[in-house]
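Chemist: Here is a sequence with its predicted model. Questions after.
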Amino acid sequence: MSESLDRFSHMGAGGAGRSAAELSTLVAGFEGTPEQFVRHLLRVQCDAAHAEAGAILLSTGEGARVAAVYPEVEEGAAPPEWLRQCLKSVPEVVESGGPVTVPLHDADDLYGQPARRQLLILPMTTEGFRGAAAFVVVSTSETELGARLDRLALTQFLMSLYESRLEANRRRNDLERLRAAMQTLAVVNEHARFKGAGMALCNEVASRWRCDRVGLGIHKGRYVQLKTLSHTEKFSRKMSIVQDIEAAMEECLDQDVEVEHPAAGEATYVARAAGELSKRHGPTVVLSLPLRVKGEAVGVLTAERPVDQPFTLEEIESLRLACDLCTPRVMGLSEQDRWFGARAAAALGEGLAGLVGPKHTWAKLTAVLILALVLFLALVKGEYRAEAPFVVEATQQQVVPAPFDGYLKTVSVEPPDVVEANVTVLATLDTAELRLQLAAKRAEFEGFRTQEAAAMRDRKTAEAQIARAQADKVRAEMDLLEYRIKQAKIVSPLGGVVVKGDLKRQVGAPVKTGDVLFEIAPLESLRAVLSVPEDLIADVMDADREARGRDERAHGELATAADPDVRLPFVVERINPVAEVVNQRNVFKVRVRLLDVGKPGRISPGKEGVAKTTIGPRRYGWIWTRRLVNWLRMKLWF
């Protein structure tokens with residue numbers, strides 16, 4: 001990296017003469033960090049374009065911030081005016097995508113005099129950077145200013161070139177880590193037994209990553225047992241070093257994280273056992289990595305190095321990848337090498353753990369729900385009811401005819417209105433003609449009374465008697481007209497529901513004496529006729545027979561299609577033993593009596609719905625499978 005910095009530093013004197021190819025070559029060899037690259041790239045571009053100052057600014061969501069500035073501003077000093085102007089212009093420049101030239105006037109410039117210094121702001125948009133580069137140049141010539149702008153436009157290209165090289169290096173490092181992990185896996189796969197595979201893994205890790213000692217431990221019960229140790233065929237678990245290694249492995253397994261000693265300052269894990277291992281048998285750098293199968297830690301790999309060779313981040317990532325690839329193979333051989341009884345006990349333990357443990361929650365919940373459903377169907381009883389359609393009928397109806405010849409004047413009700421006896425006016429007939437006739441008769445009656453009075457005054461007894469007789473005749477005709485006028489207001493003779501008489505569209509039409517205008521059914525005369533399917537009639541008959549044995553009647557509830565939320569109770573009155581064909585199905589008519597018609601008008605003749613006759617308590621499993629079982633019995637004849 002120092003050579004790259006030196007090359008950038010020596011560009012100050014002759015930078016203006018370097019070509020774009022020479023600048024690209026220098027960038028390709030830079031080994032510093034992105035922050036160092038931005039700082040020195042700004043310095044080189046300023047030297048190459050003879051710029052007095054420059055800055056690279058990063059666009060943020062709320063504005064812009066300075067990524068690098070040249071010459072550097074002393075800490076605590078106020079930023080120059082051109083830099084403040086750049087910060088305001090960056091969002092506009094990034095949005096427009098083109099360079100912007102802003103003249104910078106000095107305090108001693110005359111009014112109208114062209115600015116000697118120019119501020120060039122160029123947008124910079126790469127894969128990892130979005131912002132702008134700004135340079136202060138001294139130029140009064142348009143040609144010279146354009147040439148400098150062309151040279152400064154290379155800033156974005158050089159930034160992209162550096163990012164591409166960083167990406168190439170990252171990919172190359174990833175491939176190197178993958179190659180090392182795959183080669184380690186290839187060495188492990190050469191062995192068919194756990195002992196050889198574990199030893200090959202430890203030796204390969206020790207050789208490839210330059211470790212002094214590598215151990216492989218397997219989780220057994222509450223502890224971790226060291227199974228293989230690099231370059232060591234046999235060892236005893238009573239040895240001090242073995243116990244210290246196992247303690248470090250248990251420390252890693254308990255925390256289920258990678259443990260390194262010496263730990264970084266920001267580390268949050270505990271590395272006490274690893275520190276003891278390093279202190280007693282070192283000093284060494286200790287790195288323990290958990291080995292996981294299906295996300296669960298089942299073992300630990302512990303590697304030790306000289307204290308002057310700490311593990312780099314790239315090496316830790318490479319070791320982690322190798323462990324992830326080799327763990328399934330090593331652990332599979334470990335399980336395979338166990339004797340049959342141990343494998344069976346482990347399988348049984350895993351099965352029981354899966355049954356009562358936190359895994360497979362939805363599967364276990366589904367099984368529990370299915371079991372609960374089976375127990376519910378087999379043990380719990382519910383009310384079994386036979387369902388059948390019905391229609392409402394009336395056992396009694398009252399006819400309301402027209403009292404005399406006339407014309408309909410008003411109609412106040414229509415089916416299925418509820419009326420009260422001798423209160424509700426059903427309709428009225430036009431009485432205008434009758435009232436005219438009544439007025440004429442009254443005049444004629446007064447005339448005869450006058451004739452009678454005159455005859456009595458003249459002592460003409462015979463003429464007086466004739467006038468009185470004629471007056472009585474006219475009086476009788478007047479009484480008939482008055483009676484008809486009273487009869488013109490048609491009042492319901494009984495309380496009930498109107499079942500016939502939709503005459504509101506016939507107002508003004510003539511009617512004759514005796515024409516049926518309305519039909520009224522008393523509410524207490526309403527009944528329902530159920531059409532019970534033949535596969536349910538036996539259950540209804542059994543329920544009615546049992547109820548009669550208790551001096552009761554079979555009962556149930558019905559609801560009309562017009563008011564499905566209203567349930568009306570009923571009792572069975574009669575079951576017709578002869579089947580009838582309705583809609584190509586055999587049904588049995590069952591007449592029921594309504595115990596409560598509910599709110600007036602909710603039930604009326606002709607309404608249909610569904611009735612459910614209570615049979616008795618049955619198990620829900622039998623209720624819900626009865627039809628299927630009966631169908632299978634008929635099909636399979638059992």
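Modeler: Structure received.
Chemist: now the top helix by length along the chain, how far from the centre of its chain.
Modeler: The helix that spans the most residues within the chain, counting by DSSP state H, is helix 154-189. On the basis of Cα atoms, centre = their mean, to the nearest Å, the separation between the geometric centre of helix 154-189 and that of its chain is 42 Å.
Chemist: For the next helix or strand after it, give the mean pLDDT please.
Modeler: Past helix 154-189, heading to the C-terminal end, the next element that is a helix or strand (DSSP states H and E) is helix 194-208. Averaging pLDDT along helix 194-208 yields 91.
Chemist: Stretch 169-182 now?
Modeler: Averaged over stretch 169-182, pLDDT sits at 85.
Chemist: can you list the residues that contact it?
Modeler: The contact list for stretch 169-182, computed with Cβ atoms under 8 Å, 6 or more residues apart in numbering, reads R208, E314, E317, S318, L321, A322, D324, L325. All C-beta atoms are positioned from the backbone trio N, CA, C, and that covers glycine.
Chemist: Phi, psi for the spatially closest residue to G98 that is not a sequence neighbour please.
Modeler: On the basis of Cβ to Cβ, 6 or more residues apart in numbering, the spatially nearest residue to G98 that is not a chain neighbour turns out to be P123, at 7.0 Å. Backbone dihedrals for P123, given as degrees, to the nearest 10, come out at phi -70, psi 140.
Chemist: who are the neighbours in contact with P123?
Modeler: V93, V94, S96, G97, G98, P99, G131, A132, Q156.
Chemist: And the strands in the stretch 501-638 of the chain, which stretches?
Modeler: Secondary structure of the stretch 501-638 of the chain, counting by DSSP state E, counting those that start in this stretch: strands at 510-511, 516-521, 526-533, 555-560, 568-582, 585-594, 608-619.
Chemist: on that earlier part again, how about the contacts of stretch 169-182, which pair is most distant?
Modeler: Farthest pair in the contacts of stretch 169-182 (Cβ to Cβ) is E314 and L325. Separation: 16.8 Å.
Chemist: of all the contacts of stretch 169-182, which comes closest to P34?
Modeler: The shortest approach to P34 among the contacts of stretch 169-182 belongs to E314, at 17.5 Å (Cβ to Cβ).
Chemist: any idea how far that closest one is from Y269?
Modeler: If you measure E314 against Y269 using Cβ to Cβ, to the nearest Å, the figure is 20 Å.
Chemist: What of V592?
Modeler: Between V592 and Y269 the distance is 80 Å, computed by Cβ to Cβ.
Chemist: re earlier: higher neighbour count, E314 and Y269?
Modeler: When E314 is set against Y269 and neighbours are counted by other Cβ atoms under 10 Å, the residue ahead is Y269, at 16 against 12.
Chemist: so after the strand or helix carrying A454, what's the next helix or strand?
Modeler: Mapping A454 onto the secondary structure by DSSP H and E places it in helix 432-457. Sequence-wise, the next helix or strand beyond helix 432-457 is helix 461-487, with elements assigned using DSSP H and E.
Chemist: tilt between that next one and helix 432-457?
Modeler: Angle between the axes of helix 461-487 and helix 432-457 is 160 degrees (criterion: axes from the mean of the first three to the mean of the last three Cα atoms, to 10 degrees).
Chemist: Only the buried residues of helix 461-487, if you could.
Modeler: The neighbour-count criterion (16 or more other Cβ atoms under 10 Å) identifies 464, 467-468, 470-471, 474-475, 477-478, 481, 484-485, 487 as the buried residues of helix 461-487.
Chemist: How about stretch 408-418?
Modeler: By neighbour count on 16+ other Cβ under 10 Å, the buried set for stretch 408-418 is L408, V411, S412, V413, P415, P416, D417, V418.
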